[in-house]
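Visitor: What shape does this take:
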Amino acid sequence: VVIMLKTVLVLATCSRAAGLALSTRAFAAETATTGELKERICSLSRDTNNGVRASAAAAEAIATAAECLEARNPTTTPATSHLLEGRWQLVYTTTRGGSAGELGPLVGEVYQDIDLGAGEYLNLLRLPLALTATLGAGWDVQADDQWTVNFHYIEFALAGFVLSRKPLGQSGTWRMTYLDDDFRLLRAQGNKPDAPFNLYALRRVPRS
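Guide: Here you go, the predicted model:
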């Protein structure tokens, strides 16, 4: 019985993988509409915990869709665009750790809240058990599509009660590769010159 159950589980896993591979081949990203590309990224990112548990096939398909979407960026100066204002939920990223919503064994929801008037950016991580982490930052515009993001502090809270707040002195680079009224792509690099640029895909959500 145990062997039969293991066989069923293996077959089910292979079936899902084969289905993803087939759908990847069947989707022509180069000829898809902008809406189809955005939905492609969102649909492949579901159940991946912000990309943390994405399969190699899903990651490859998302990368292809993202590149096609970036080639159609309708916003020529995203670094100073009013479209940045508001709250954005992380859909997918190629990075790991806190920026992907990971805190120890937990993976939570990640939001970016951008207040252009205040020149403030908050990275909000919501975890189970009412635990939250907030990363506060500002930015300097370096080019039409690029920010240097300056991280000021990180704060941990439980049910709204602040547990700790630590000042930071780090920075990173954001290259904004796609921006419209409800979807963003950016490539972010840490403060080390040889650090890779990781992909982030975000969708607009209401401020709560």
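Visitor: alpha carbons only for contacts and neighbour counts from here, please
Guide: Noted.
Visitor: Just to check, G119 is in contact with W139?
Guide: Yes. Counting by C-alpha atoms under 8 Å, W139 is a contact partner of G119 at 7.1 Å.
Visitor: burial of A54, as a residue count?
Guide: 20 (other C-alpha atoms under 10 Å).
Visitor: so what's it up against?
Guide: By C-alpha atoms under 8 Å, 6 or more residues apart in numbering, the contact list for A54 reads S45, T48.
Visitor: Can you list the buried residues in the lengthiest strand in the chain?
Guide: Secondary structure assigned by DSSP state E gives strand 161-179 as the longest strand of the chain. By neighbour count on 16 or more other C-alpha atoms under 10 Å, the buried set for strand 161-179 is S171, G172, T173, W174, R175, M176, T177, Y178, L179.
Visitor: Export these as JSON lines, with columns for pLDDT and distance to Q189.
Guide: Formatted as JSON lines, the buried residues of strand 161-179 follow (pLDDT from 0 to 100; distance: C-alpha to C-alpha, whole Å):
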{"residue": "S171", "pLDDT": "93", "distance to Q189": "9"}
{"residue": "G172", "pLDDT": "93", "distance to Q189": "6"}
{"residue": "T173", "pLDDT": "95", "distance to Q189": "5"}
{"residue": "W174", "pLDDT": "96", "distance to Q189": "7"}
{"residue": "R175", "pLDDT": "97", "distance to Q189": "8"}
{"residue": "M176", "pLDDT": "98", "distance to Q189": "12"}
{"residue": "T177", "pLDDT": "98", "distance to Q189": "13"}
{"residue": "Y178", "pLDDT": "98", "distance to Q189": "16"}
{"residue": "L179", "pLDDT": "98", "distance to Q189": "18"}
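Visitor: Look at the nearest residue to F151 once chain neighbours are set aside and give its secondary structure.
Guide: Using C-alpha to C-alpha, 6 or more residues apart in numbering and skipping residues adjacent in sequence, the residue nearest F151 is A137, 4.2 Å away. At A137 the chain is in strand, as set by DSSP: H, G, I helix; E, B strand; the rest coil.
Visitor: quick one: the helices in the chain?
Guide: Here the chain has its helices, by DSSP state H, at 2-26, 34-45, 56-70.
Visitor: residues in contact with the last one?
Guide: Read that as helix 56-70. Applying C-alpha under 8 Å, 6+ apart, the external contacts of helix 56-70 come out as 20-21, 24, 29-30, 34, 37-38, 40-41, 44-45, 51, 177-178, 185.
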